[in-house]
Structures are given as structure tokens and as C-alpha cells.
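A.B. asks: Prediction below, plus the sequence it came from.
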Amino acid sequence: MPQTLFEQNISVVVSGILSTIAVIWAFAFIPAGICSYIVMEKEKDVKAQLAISGCSVTAYWLAHFIFDTVFNLLTVAVAIAVLYAFDMEAFTESDKIGPTIMLLLLFAPSASTYAYLISFLYKTQFSAQTVTIVLNIAVGTIVVIVVSVLQTIPEEFCEDCLVAGNILMWIFRFVPSFALGFGFYRMAIYVSFLGVDPWGSEIFGTCTEKVLGTREQCYGGVADDLVYLAFASFAFLALCIWFDYLGTAGHWLSYKVKLERQCSIPEDQLAPEDADVTVEKERVAELDKRKQILAVDNVRKCYLPRGSLTADPSRAVHAVKGVSFAADSGQVFGLLGINGAGKTTTFKMMCGLYAPTEGEVWVAGSTVAADTAKCRRNLGYCPQFDALLDRMTTKEHLELYGRLKGLKGHLLDSSVESTLKQLSLEPYKDKRAGSLSGGNKRKLSVGMAIIGRPRIVFLDEPSTGMDPVSRRFLWGVIQQLAVSRQSVVVLTTHSMEEAEALCSRIAIQVGGQFRCLGSPQRLKSRFGRGYEVSLRYDGVKEEAAEKIRRLPSEYVDPIHDLRHGVALVDMELRDI
């Protein structure tokens, strides 16, 4: 039985859709890979590390855009070769190869910027890659099919289908995978089957009047899709820069921060303030902060629940509560406290990553809120978790961060070599960061912070995960940094041993507050109760206990723990 005209049209449409689907599925992985990499940099704090080291928002996105676009051109070249290899005449004939190449060329930058924009929606690399692939395949396949079918259904069967299809077409053209897929669909159906001008445009009125089914309308080629792809390339990039600006420099004036500033700390969450802490707070308030290298003046940070539109103190989390201190050249200032005490949040406010709810941070005579970029030129930052790019070598990391801090030529080379030597990383300079041991990763993170001789170095638990020998080696590097370079070093730790070995002044932070502050000797003399002695023993518990009991009782308190081959004994300070 011969096919009706409608059935013939459907057959042609199905053939065009199948060839289009093949293209869409092949190119769906490009934005997914780009998006997952951007999210990985955010997840591992690489992006924050770059920002603190001097990389501007615009430079960050432009660098990604240029690299990804150029790299994607290789994919375009391979795709064109495949079209020729399979003799797909609908896309490779002399009058069609030009529009085909332009579709692929403009898809490369638009796919990159589209991936950047949607990366703000994800928190993990896995979710970014998975969801983006599914989204691109769904939009590029399902929506193209729906639009093409709606535009093909005869008017006697559905009067509003053409209008609905056109509305969906104009909306989803902002998604590059749809614009690419629909452009290839037009090449396969409108251009090859109907003889429409491949460069025709409905926007500019250069379309061709043709009849498809029982409908007569003006059909365009791929020009409209090219316009959308070109517009998306620059519009999405501009939006990325704008959104990122709102999340960094612009966050100081954001509505969220204004809400946080209305949130006061409940009285029952404030512990009594020690006299030394009060004296330091008064000293900082009276300082001429424009002449101070680092001053933190009554800084606090309040977090409101996600989606909260009111400053309800009962629902807020007060991470930092009125912290004040100042540090001078050659000084190592330590923030000592357990996990969750507010040390890292304090650090991130000093670096400009978080906006304080109240108070000011002064760096080299400027406030971080007023001039973030200028303040960051004086900073070096080692995060709590290594912000390293696994595929880059140790030397490449130092070269990157050296360039960000303004080093060039021979000065850059000498700084990189001296940093490698200072941290004993010379044997590993050509090894990728992902293959380094945990201790060497921490050394590299410290090296990225100190290269370029910044005036202020922030070290967030720098010796975490290091063995005792490597830890003491790193302590020597930090002490040398403060003394020889006359830098201010601020470090966080939960080890009193580390704080005592490195710091000239220590603040013990508990629940977001400074509970005490002073030199190690002053803190020990004021608050030290004594020492806890660990005695290793052999044999059974009873024999070990008997040996310990033979010690003069006036020197030793009763044993408070005796297990796993270790006896713990308290010795009062007054008895030593």
C-alpha cells in the first residue's frame, strides 16, 4: 500500500532525527567534561587558592574559555572527518559543508560557557558530570524530537502544535546542545529535503516559503541557530563573571550578608572573656590600622539557614564571635583549637573568601572588604586540605603561583628553585602532584603559600598528616620564614606542641571565641595544671601498676588510665 504524503513526511523526519541524534550524543560529553573539571577545582578549593594568590575572576574564566575553545576545535576537526568518512551528504555536500562547519565551530565556545554557567549549580564533580550528560542528551534529543514533530503535524489534526513547537524552539535554542541538534535537523530535513537556503534566517527575514505536509510557512536554514550559539558564547561567559563577582568581591554587599548583620549573638552562647583577650581587643581598637601589617578588629561570622529570609538568631549558627588580634613583622601567631572551633572560618574571612558579619580585617593598611585584590597581593595561603591539581608537577605548581604573584623570567626560576630546595622537594620536582605522598603534598602547599615572599602567610594546619620527622622539618621552615623574611605568619593547629614550638603568641579559640591569648609561657603559667606523663610498660597490667606505685607518691597522682601497654599519669605543676 503506497504511503500517504503525511507518512512520507514522517519518514523523512525520522531519518533526519536519527542522524541528528547521532551528532547530539557524540557532543553531549563535551560540556559534561568541562563542567566536571570546573566543579572539581571548586570542590578541592583550587579556585579559592588561585583567587587568594592573585588570579582575578575575569582572568580565571577567560583562561578556561580560551583553552577549552581551542581544545574543542580538535573535536570539531575529528567530527568533520567522520562526516566525510561516512559520506553523510546531507551535511557534507558543497553547499552544506559551510553551514555544518560553522555549527560545529560555534558550538565549541558556547558549550564551554554553558558548562561554566551550570557549574554554579553543582557541589560535587560526580553530580556535575552525570547530570550534565543526561541533561544534554535529554534536551538535545527529546526536545528536538518534540519540536520537529510539533512543527510537522498537519493543521487539521492540531491547530496549535506549530505555535507550541516554535515557542519551544526559540526557548531551548539557548541550550547549545539543542541549537546544534536542531541545526543538524534543519540541514537534514529543510535543506536537503525541502531545498531551503542553508544560510536562511527567520530572524532576519531571509527564510524560504515551503510546504511541509499541509503547512506552508517560511523555513530558515541554520543561520538562526548560529546566531543563538554566538550570542550564548559571550552572554554565558559574561554571566559567569558576574555571578562569580557577586560571590567574591560583590558578596560584601549581598542581601544575605545584610541579613546576617541583623543577627545578634544570644547571651547564653557567649562565654566570659579573659582579661588578656579584652586587653588585646582594646589595643586593636586603638591601633592605627593603616600602619599595621595585619589587624583583625572584632570580627564575627553568622550563618543563616539555607533559604532563610529573616535574621532569626535562634536558627543562626555563630561560627566566629568577636575575634580581635594584631600581628607584626617576624611574628608567628597561632590559633589553637579543636575542629569546629572557628579557626578555618576566621582564616577565610582574613583572606576575603567569606564576608564578615561584623568587624573588619586590615591587611597592609587596607581593609579586605574595600580592596580585596590589593590585600591579596600581600598574602600567601596554605589551605587545610591540599588544593592541588593532580596532573600538574610540583615545579609547575610553584611556577603557576609564582607567576600569579608577579614573578617573571630569572626571578621566577630562582624563586622556584630556592623554594624546592628549602622544602626538600627537589627530588620530586617533576612528579605529578597526584602521585606525591601526603607529607610532600603538604610541603608543596606550604611552598605555594610562601613563594614570592608575601608579607603575610596563612597556614591552616600545615603539618596535618605528616610524620614526626617531616613535621619538625616543616616547623624549621616556618620559623625561618618569619625570622629571615620578616613575614607575619598566622597558623591554625589543634596541637599544643606545634603551637608552643612555633608561635610567639597563641590564641586558644573555643566555640568561635578567643578564650585566652598570650605567649606560650604566659598561657602555661596562668592556665597550666601540670603534665601528663605517658609510660610504656612490658608485661601484665598488675606488674606495671606495681612498678608505677613505687614512685614517690608526693610526685604522682593516681593512675587514671592503664591499657594497651601505656600508663597515663598526671603530675601537678606545683610538684615538679
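C.D. replies: Everything's here; your move.
A.B. asks: and the strand or helix carrying Tyr37, what does it pack onto?
C.D. replies: Element membership of Tyr37 [criterion: DSSP states H and E] is helix 29-43. Helix 29-43 makes packing contacts with helix 46-52, helix 57-85, helix 97-118, helix 125-137 when contacts are defined by 3 or more C-beta pairs under 8 Å, 6 or more residues apart in numbering; DSSP states H and E. The C-beta positions use only the backbone N, C-alpha and C, and glycine is treated the same way.
A.B. asks: Please identify the most buried of those helices.
C.D. replies: Of all these, helix 97-118 has the most neighbours on average by mean count of other C-beta atoms under 10 Å, namely a mean of 23.
A.B. asks: Output the below-cut-off pLDDT ranges for the chain.
C.D. replies: Within the chain, the stretches with pLDDT under 70 are 1-17, 154-156, 191-194, 204-219, 247-262, 264-269, 305-314, 485, 528-576.
A.B. asks: residue boundaries of the helices in the stretch 301-450 of the chain?
C.D. replies: 343-350, 372-376, 394-404, 409-422, 438-450 (DSSP state H, counting those that start in this stretch).
A.B. asks: Mean neighbour count added to these, as a markdown table?
C.D. replies: Conversion of the helices of the stretch 301-450 of the chain to a markdown table gives the following (neighbours: other C-beta atoms under 10 Å):
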| stretch | mean neighbour count |
| --- | --- |
| helix 343-350 | 25 |
| helix 372-376 | 19 |
| helix 394-404 | 22 |
| helix 409-422 | 15 |
| helix 438-450 | 23 |
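A.B. asks: who wins for proximity to Val323 among these?
C.D. replies: Shortest separation from Val323 across these is recorded for helix 343-350, at 5.8 Å, computed as C-beta to C-beta.
A.B. asks: Can you dump the C-alpha atoms of the closest one in PDB for me?
C.D. replies: Presented in PDB, the C-alpha positions along helix 343-350 are these (Å, rounded to 0.1, in the frame of the first residue of the first chain):
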ATOM      1  CA  LYS A 343      39.700  28.700  63.100                       C
ATOM      2  CA  THR A 344      39.300  28.000  59.400                       C
ATOM      3  CA  THR A 345      36.300  30.400  59.200                       C
ATOM      4  CA  THR A 346      38.500  33.100  60.700                       C
ATOM      5  CA  PHE A 347      41.200  32.300  58.200                       C
ATOM      6  CA  LYS A 348      38.800  32.600  55.200                       C
ATOM      7  CA  MET A 349      37.500  35.900  56.400                       C
ATOM      8  CA  MET A 350      41.100  37.200  56.600                       C
END
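A.B. asks: and it, what does it pack onto?
C.D. replies: In terms of contacts (3+ C-beta pairs under 8 Å, 6+ apart), helix 343-350 is packed against strand 294-303, strand 317-327, strand 332-336, strand 358-363, strand 456-460, strand 488-493.
A.B. asks: Of those strands, which is nearest Glu41?
C.D. replies: strand 456-460 (18.3 Å).
A.B. asks: quick one, domains of this protein?
C.D. replies: Structurally, the chain divides into domains by automatic domain parsing as follows: 5-247, 530-575.
A.B. asks: which of the ones you listed sits most buried?
C.D. replies: The highest mean neighbour count among these, using mean count of other C-beta under 10 Å, belongs to domain 5-247: a mean of 19.
A.B. asks: quick revisit: please identify which of the domains of the chain is closest to Gln331.
C.D. replies: Evaluated with C-beta to C-beta, those place domain 5-247 nearest to Gln331, the distance being 20.6 Å.
A.B. asks: circling back: can you say which of the helices and strands packed on helix 29-43 is nearest to Gly322?
C.D. replies: The stretch from the helices and strands packed on helix 29-43 with the least distance to Gly322 (C-beta to C-beta) is helix 46-52; that distance is 24.3 Å.
A.B. asks: residues making contact with that closest one?
C.D. replies: Taking contacts as C-beta atoms under 8 Å, 6 or more residues apart in numbering, the residues outside helix 46-52 that touch it are 40-42, 57, 60, 248, 351-353, 376, 379, 381, 383, 387-389, 404, 448.
A.B. asks: try stretch 468-481
C.D. replies: Judged by C-beta under 8 Å, 6+ apart, the contacts made with stretch 468-481 from elsewhere in the structure are 332, 422-424, 439, 442-443, 446, 450, 457, 459, 462-463, 466, 487, 489, 491, 498, 501-502.
A.B. asks: Could you pull out the buried residues of it?
C.D. replies: Of the residues in stretch 468-481, those buried by neighbour count under the rule 16 or more other C-beta atoms under 10 Å are Ser470, Arg471, Phe473, Leu474, Trp475, Val477, Ile478, Gln479, Leu481.
A.B. asks: cool, and stretch 507-517?
C.D. replies: Ala507, Ile508, Gln509, Gly511, Gly512, Gln513, Phe514, Arg515, Cys516, Leu517.
A.B. asks: and the first one, which of the three is it?
C.D. replies: When states are read from DSSP: H, G, I helix; E, B strand; the rest coil, the local structure at Ala507 comes out as strand.
A.B. asks: what sits against it?
C.D. replies: Applying C-beta under 8 Å, 6+ apart, one finds that Ala507 lies in contact with Val277, Val323, Phe325, Phe333, Gly334, Leu335, Leu336, Phe514, Cys516, Leu517.
A.B. asks: rerun at 10 Å
C.D. replies: Residues near Ala507 by C-beta atoms under 10 Å, 6 or more residues apart in numbering: 276-277, 280, 323-325, 333-337, 343, 346, 490, 499, 513-518, 523.
A.B. asks: give the contact list for the closest residue to Thr113 other than its chain neighbours.
C.D. replies: Nearest non-adjacent residue to Thr113, counting by C-beta to C-beta, 6 or more residues apart in numbering: Phe236, 3.5 Å away. Neighbouring residues of Phe236 by C-beta under 10 Å, 6+ apart: 65, 109-118, 174, 176.
A.B. asks: Kindly report the same for Glu461.
C.D. replies: So Glu461 contacts 335, 339, 343-344, 347, 382-385, 442, 491-495, 498 (C-beta under 10 Å, 6+ apart).
A.B. asks: Buried subset of the residues you listed as a PyMOL selection?
C.D. replies: What follows is the PyMOL syntax selecting those of these that are buried according to 16+ other C-beta under 10 Å:
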select buried, resi 335+343+344+347+382+383+384+442+491+492+493+498
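A.B. asks: Looking at the contacts of Glu461, spot the one nearest Val23.
C.D. replies: Lowest distance from Val23 to the contacts of Glu461 (C-beta to C-beta) belongs to Phe385, with 40.7 Å.
A.B. asks: right, and the helices of the stretch 301-450 of the chain - which one's nearest Leu304?
C.D. replies: helix 343-350 (14.4 Å).
A.B. asks: Next, the angle from that closest one to strand 456-460.
C.D. replies: Taking axes from the mean of the first three to the mean of the last three C-alpha atoms, to 10 degrees, one finds that helix 343-350 is oriented at 150 degrees with respect to strand 456-460.
A.B. asks: got the helices and strands packed on helix 343-350 as CSV, with distance to Leu411 columns?
C.D. replies: Listed next are the helices and strands packed on helix 343-350 as CSV, based on distance: least, C-beta to C-beta, whole Å:
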stretch, distance to Leu411
strand 294-303, 26
strand 317-327, 27
strand 332-336, 27
strand 358-363, 23
strand 456-460, 19
strand 488-493, 23
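A.B. asks: ok, and the closest non-adjacent residue to Lys348?
C.D. replies: Closest to Lys348 by C-beta to C-beta, 6+ apart is Tyr354, at 4.5 Å.
A.B. asks: Ile153 too?
C.D. replies: For Ile153, ignoring the flanking residues on the chain, the nearest one in space by C-beta to C-beta, 6+ apart is Cys161 at 4.5 Å.
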